[in-house]
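In: sharing a sequence plus its predicted fold:
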Amino acid sequence: MSLPSSTYLPINRLSQIFNKTMATYKFYWFISILEIYSEKNSTRINLWDIVIRMVANAWYPINYFKLSFGKSDSMYDVVKGLKI
């Protein structure tokens, strides 16, 4: 994945996270951190807040659109395991 350069952030390190992406959890992890940071405007984020947000972000596409991300993706199993 190619990200725009920045003089303030080591973007090359961030882009390495997404180089070998076989599962969606990396994208849900990243978007969850961005959402929490934009709400709280704090650099300290609780791990469970990230996990809960990841599941919440994956819930709609999996349950509404019946989206499956493949056999190697565990987000589907986590969301389906929580469904009552």
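Out: Here it is on my side, so go on. Numbers count the residues shown, from 1 in each chain.
In: now the residue sitting nearest the centre point of the chain: closest residue in space that isn't a chain neighbour?
Out: For the chain, the residue nearest the mean C-alpha position is Tyr28 (1.3 Å; C-alpha atoms, centre = their mean). Using C-beta to C-beta, 6 or more residues apart in numbering and skipping residues adjacent in sequence, the residue nearest Tyr28 is Met54, 4.2 Å away. Every residue, glycine included, has its C-beta placed from N, CA and C.
In: ok, the one you found - contacts?
Out: Contacts for Met54 (C-beta atoms under 8 Å, 6 or more residues apart in numbering) come out as 25, 28-29, 32, 75.
In: distance to Thr43, secondary structure and pLDDT added to those residues, as a markdown table?
Out: Formatted as a markdown table, the contacts of Met54 follow (distance: C-beta to C-beta, whole Å; DSSP: H, G, I helix; E, B strand; the rest coil; pLDDT from 0 to 100):
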| residue | distance to Thr43 | secondary structure | pLDDT |
| --- | --- | --- | --- |
| Tyr25 | 22 | helix | 87 |
| Tyr28 | 20 | helix | 93 |
| Trp29 | 16 | helix | 92 |
| Ser32 | 15 | helix | 96 |
| Met75 | 26 | helix | 86 |
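In: need the helix or strand of this protein with the lowest average pLDDT.
Out: Using mean pLDDT, DSSP states H and E, helix 11-17 stands out as the lowest-scoring helix or strand of the chain, at a mean of 80.
In: and the helices in this protein?
Out: For the chain, helices defined by DSSP state H occupy the ranges 11-17, 25-40, 47-64, 75-82.
In: please save the CA atoms from the first one in CSV.
Out: What that stands for is helix 11-17. Extracted C-alpha coordinates of helix 11-17, given in CSV (Å, rounded to 0.1, in the frame of the first residue of the first chain):
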residue,chain,number,x,y,z
ILE,A,11,4.8,6.8,7.0
ASN,A,12,7.1,4.1,5.6
ARG,A,13,6.7,2.2,8.9
LEU,A,14,3.0,2.5,8.8
SER,A,15,2.7,1.4,5.2
GLN,A,16,4.7,-1.7,6.0
ILE,A,17,1.9,-2.9,8.3
